[in-house]
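Q: give me a 3D structure for the following:
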Amino acid sequence: MPRCLLCGLEHPHAMEGESQIAALPIKSIHLRFQGEECLDQDTVEKYVEALRQGEEILPVRVCYDGECYWLADGFHRLRAARTLRRRKIKAEIVQGTYADMEACWRAVIQAINDDLLK
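A: Numbering: from 1, shown residues only. Just a heads-up that it's a prediction; the model follows:
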């Protein structure tokens, strides 16, 4: 089974290919996958402080379906950049759709459940 670019697990819906790193306009990133109300404010503040200090943070990860950039990982980092009114953020771009992201998320949940049952 292939290893997924998005989650790192091996599963039937794995997103394959290559990813690329680019600075994306924050406005172009869609947040439908996880609402901001689920964020831990202390974590956001840690990223805000790191960005203020000029520290390098990991790129957010997005799925790009040819039309939309769907945020898959990095919700706290994106919120921190928005708090600081940044216009762009470094992103790892993986080709895929929102449905691909959901399938990947289901595979991650299944792996966690399987691990808990061991």
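Q: any idea which helix or strand in this structure has the lowest mean pLDDT?
A: The helix or strand with the lowest mean pLDDT-type score in the chain, counting by mean pLDDT, DSSP states H and E, is helix 98-116 (a mean of 81).
Q: run a quick neighbour tally on residue 84.
A: With neighbours defined by other Cβ atoms under 10 Å, the count for residue 84 comes to 11. Bear in mind the C-beta positions are built from the backbone N, C-alpha and C, glycine included.
Q: hmm, back to that, tell me what the least confident helix or strand of the chain is packed against?
A: Helix 98-116 sits against strand 60-64, strand 69-73, with contacts defined as 3 or more Cβ pairs under 8 Å, 6 or more residues apart in numbering; DSSP states H and E.
Q: hang on, residue 66 in a strand?
A: No: secondary structure of residue 66 (DSSP: H, G, I helix; E, B strand; the rest coil): coil, not part of a strand.
Q: let the chain start at 3 from now.
A: Understood, numbering begins at 3; the last thing we discussed is residue 68.
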